[in-house]
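Participant: My questions concern the predicted model and sequence given below.
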Amino acid sequence: MTDRPRSWVLTLTCDDRPGIVAAVSGLLAERGGFILDSQQYADLDSGRFFMRVEFKAATDGFPGDTTALREAMAPVAEQFAFDWQLNDTADKPRILLAVSKGSHCLNDLLHRWKSGGLPVEIMGVVSNHPTLRRLTEWHGVPFHELPTEGGKATQEAAILDHFERTRSSYLILARYMQILSPELSHSLSGRCINIHHSFLPSFKGAKPYHRAHERGVKLIGATAHFVTDDLDEGPIIEQAVERVDHRASIDDLIRIGRDIEAQVLARAVGWVAERRVILNGRRTVVFR
Ligand SMILES: Nc1nc2c(c(=O)[nH]1)N[C@@H](CN(C=O)c1ccc(C(=O)N[C@@H](CCC(=O)O)C(=O)O)cc1)CN2
């Protein structure tokens, strides 16, 4: 397999107007860049524009340094008032995982990461139970059991301490069954992703499979979303469903749901890590 050349990703959003794509691609061409992938979207309702460009060097004169590239792009970013990021694709985002007792999503993320299938650095796992310490440490990842005395505030202070000490970019709730306070969800706005075990907006909150069974649904699913202080209402990143029927017991729904949850969360984390997801108010733009 040929080694991938060094490449960078530019993601941006701004008020829409003519000339944005031309300005970005023109600057890259002018500086000797080579566009590998470019996707853009104009939200006509909000008047916002979204773009993701992956590029590499085409000529020796290309400023092959991330800081120099940011300096080169800055005048265009100022001209169009971009909200933007430019990153080397080799710089894997640092993530901190949170879990309670359910192992399926954590196990899937740890395995994909350990086998090179998830472009992130897993900095640790925090949990309000000791249950998953062995699984975590088997993968060579630090496990931090959160303090039980002192209540939610103490637990959340410990989560934030681990998040900041590890210089993590994202907190992933991989079946962490505690509701984050408005303070913590605000301080992690746009940086905290949850996997909810239903096809939202159906069956928000606790015990969605029991309520889905009681309702007699024919499809069950899972939803990965950014966390806000409105429980299970955050901007959706990815969803998936599977067909079920009258013969499925609650345990069957839970068993079928585990695979959907793990796959949906892993896809969402992978896309966020590849800078393919941009917040668009209460929604997201996902450049897959
Ligand atoms: N601020 C937020 N915190 C969390 C969210 C979220 O969307 N916003 N999602 C949950 C995960 N989750 C569903 O996906 C979920 C977890 C727990 C419960 C719940 O009701 N749990 C307890 C109460 C626990 C507590 O008081 O903290 C209960 O069963 O009574 C519902 C949904 C993660 N956090």
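Facilitator: Thanks, I have the structure now. Numbering: from 1, shown residues only.
Participant: helices or strands up against the longest helix along the chain?
Facilitator: For the chain, the longest helix by residue count, based on DSSP state H, is helix 250-273. Of the remaining helices and strands, those touching helix 250-273 by 3 or more Cβ pairs under 8 Å, 6 or more residues apart in numbering; DSSP states H and E are helix 104-114, strand 170-173, strand 192-196, helix 208-215, strand 219-226, strand 236-243. For every residue, glycine as well, the C-beta is placed using N, CA and C.
Participant: can you put the ones you listed in CSV and add distance to the ligand?
Facilitator: Listed next are these as CSV, based on distance: least, Cβ to the nearest ligand atom, whole Å:
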stretch, distance to the ligand
helix 104-114, 11
strand 170-173, 5
strand 192-196, 3
helix 208-215, 8
strand 219-226, 7
strand 236-243, 11
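Participant: Name the stretch among the ones you listed that sits most buried.
Facilitator: Most buried of the helices and strands packed on helix 250-273, by mean neighbour count (mean count of other Cβ atoms under 10 Å): strand 192-196, with a mean of 26.
Participant: re earlier: can the longest helix of the chain be said to contact the ligand?
Facilitator: No - interface with the ligand: helix 250-273 contributes nothing (Cβ under 6 Å from any ligand atom), its closest point being 9.5 Å away.
Participant: buried sites along that helix?
Facilitator: Buried residues in helix 250-273, counting neighbours by 16 or more other Cβ atoms under 10 Å, are found at 253-254, 256-258, 260-273.
Participant: for the protein, what spans make up the strands?
Facilitator: In the chain, strands defined by DSSP state E lie at 7-15, 33-43, 48-57, 83-88, 94-99, 121-127, 143-145, 170-173, 192-196, 219-226, 236-243, 277-280, 283-286, listed in chain order.
Participant: List the contacts of the longest one.
Facilitator: Looking back up the chat, that one is strand 33-43. With contact meaning Cβ atoms under 8 Å, 6 or more residues apart in numbering, strand 33-43 is reached by 7, 16, 20-21, 25, 27-28, 48-58, 62, 280, 285, 287.
Participant: For that strand, which strands pair with it and how are they oriented?
Facilitator: Using DSSP bridges, the strands paired with strand 33-43 in its sheet are strand 48-57 (antiparallel).
Participant: Which residues belonging to the partner strand are considered buried?
Facilitator: Applying a neighbour-count criterion of 16+ other Cβ under 10 Å, one finds 48-57 buried in strand 48-57.
Participant: tilt between that strand and strand 7-15?
Facilitator: Orientation note: strand 48-57 sits at an angle of 160 degrees relative to strand 7-15 (axes from the mean of the first three to the mean of the last three Cα atoms, to 10 degrees).
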